[in-house]
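> Let's see this in three dimensions:
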Amino acid sequence: MGWTAADIPEVTDATVVVTGANSGIGHETARELARAGATVVMACRSRDRSEAAAGAIHADVGRADLWREHLDLASLESVRAFADRLEDSEIDVLVNNAGVMGIPHETTADGFEKQFGVNHLGHFALTGLLLENLVEGGRVVTVSSTMHKMGSIDFDDLHGEQSYGPWDAYAQSKLANVLFARELQRRLEAAGRGVKSIAVHPGYADTNLQLRVARAKGSRLQLVMMGLANALFAQPASKGALPTLYAATAPDVEGGAYYGPGGPFNVRGSPTRQRPSSAAHNPETARRLWERSEAETAVEYP
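The predicted structure is shown next:
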């Protein structure tokens, strides 16, 4: 029997920030951490969906300490405002979970290609602005995807202005997640900070992300096919959240590591340490991405 949510240690005194906590992996992460006693800051774009998600957690868990805070990762102004509201709060774990997947070309409020802007740059800025809030022994957990193995960082066209493919852009953003998590760990160690940075992936989990892809394309057939694939092949979102929960709480987690489901093809199963792509191990790519991310977000890490 592998690691499950029942193995989460007591986290009664911990404060955890979870982006995208209103649905899918983020909602399951928030629910199980609240069940284990943590104070959970639900950082969500939609206030209505955040309220509904909090209500569902209370109905399931009972007494839970939930903060509901507005955060739109497609707006650096919103990211900064969120960080300002948490200025005096100590944070034990930051879970960079929210994301968009496989959408037609769109831009954020700051002109970034939306998948790269939300999945990577928004979380890069958020982490930098909250880094000094993280306590010694704290953790940053960044949710990537097995799709990162298909990705490359196109520094000449990061925002798909010359050429755009929805899945190429998604894979680029997910590779950026792993590169960021690993480079953050290197920099934390160099600075002597006792904070761990970990990357995870959920395998193939039944969440709203797949259905949003079909809705964004306006394809009823694809919507039906995505729903059928989720029903037949995907593991529940509660299982997909296990790598995130493991990285956030398990005592034996290693900084700079990458965790995901350990079953066949890494699409389901209990969390295990895995090896990300060779591209995710390239220190020069990580350095260039970091410097570009600081320049684009105007967020410099302390």
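> so Gly138 sits in a strand?
Yes - residue state for Gly138 (DSSP: H, G, I helix; E, B strand; the rest coil) corresponds to a strand.
> Report the contact partners of it.
Contacts for Gly138 (C-beta atoms under 8 Å, 6 or more residues apart in numbering) come out as 91-94, 194-196. Heads up, the C-betas are built off the backbone N, CA and C, glycines and all.
> go again using 10 Å as the cut-off
14-16, 90-94, 130-131, 193-197 (C-beta atoms under 10 Å, 6 or more residues apart in numbering).
> what about it, distance to Ile198?
11 Å (C-beta to C-beta, to the nearest Å).
> shared neighbours, the two?
With C-beta under 10 Å, 6+ apart, Gly138 and Ile198 have common neighbours Val93.
> before we move on, back to that, can you flag the buried ones in the contacts of Gly138?
Using 16 or more other C-beta atoms under 10 Å as the burial test, those include 14-16, 91-94, 130-131, 193, 195-197 as buried.
> which among these gets closest to Ala52?
The closest of these to Ala52 turns out to be Val16 (C-beta to C-beta; 19.9 Å).
> Correct me if wrong, but the closest one is in a strand.
Yes - counting by three-state DSSP, Val16 is part of a strand.
> Wait, it touches Ser89, no?
No - applying C-beta atoms under 10 Å as the test, Val16 and Ser89 come out as separate, 11.2 Å apart.
> what is in contact with the two at once?
With C-beta under 10 Å, 6+ apart, Val16 and Ser89 have common neighbours 39, 41.
> thought Val118 was touching Ser78?
No - between Val118 and Ser78 there is no contact, the gap being 11.2 Å when judged by C-beta under 10 Å.
> Same drill for those two, tell me which one is more crowded.
The residue with more neighbours, out of Val118 and Ser78 and counting by other C-beta atoms under 10 Å, is Val118; that gives 26 against 17.
> I'd like to know how far that one sits from Asp110.
Relative to Asp110, and taking C-beta to C-beta, Val118 is found at 11 Å.
> joint contacts of the two?
Residues touching both Val118 and Asp110 by C-beta under 10 Å, 6+ apart: 74-75.
> any idea how far stretch 135-142 is from the chain center?
13 Å (C-alpha atoms, centre = their mean, to the nearest Å).
> go on, stretch 161-172?
19 Å.
> Name the single longest helix found in the chain.
As assigned by DSSP state H, the longest helix anywhere in the chain is helix 166-191.
> That one: which residues count as buried?
166, 168-186, 188.
> residues contacting Gly111?
117, 159, 161, 296.
> For the residue nearest to the spatial centre of the chain, give its distance to Ser278.
Nearest to the mean C-alpha position of the chain, by C-alpha atoms, centre = their mean, lies Asn97 at 2.2 Å. Asn97 is 25 Å from Ser278, where distance means C-beta to C-beta.
> And for Arg47?
42 Å.
> more crowded one of those two?
Taking other C-beta under 10 Å, Arg47 and Ser278 do not tie; Arg47 has more neighbours (12 against 8).
> I'd like to know how many residues surround the closest residue to the more buried one other than its chain neighbours.
Nearest non-adjacent residue to Arg47, counting by C-beta to C-beta, 6 or more residues apart in numbering: His70, 5.9 Å away. His70 is flanked by 15 other residues according to other C-beta under 10 Å.
> Isn't His70 up against Ala43?
Yes - His70 lies in contact with Ala43 (C-beta under 10 Å); the separation is 7.9 Å.
> which residues are common contacts for these two?
Common neighbours of His70 and Ala43 (C-beta under 10 Å, 6+ apart) are 50, 82.
> follow-up on the earlier one: what is the distance between the helix or strand just after the longest helix of the chain and the centre of its chain?
Note on helix 166-191: by DSSP states H and E, the next helix or strand toward the C-terminus is strand 196-200. The chain centroid and the centroid of strand 196-200 are separated by 10 Å under C-alpha atoms, centre = their mean.
> cool, stretch 142-159 as well?
With C-alpha atoms, centre = their mean, you get 14 Å for stretch 142-159.
> Could you do stretch 33-44 as well?
Distance, centroid of stretch 33-44 to centroid of chain: 15 Å (C-alpha atoms, centre = their mean).
> what's the least confident helix or strand in this structure, going by average pLDDT?
None of the helices or strands of the chain scores lower by mean pLDDT, DSSP states H and E than helix 220-233, at a mean of 51.
> Now the element after that helix, going C-ward?
Heading C-terminal from helix 220-233 (DSSP H and E), you reach strand 235-236.
> Neighbouring strands - and their directions - for that next one?
Strand pairing for strand 235-236, using DSSP bridges, gives strand 205-206 (parallel).
> burial count for Phe155?
For Phe155, using other C-beta under 10 Å, the count is 10.
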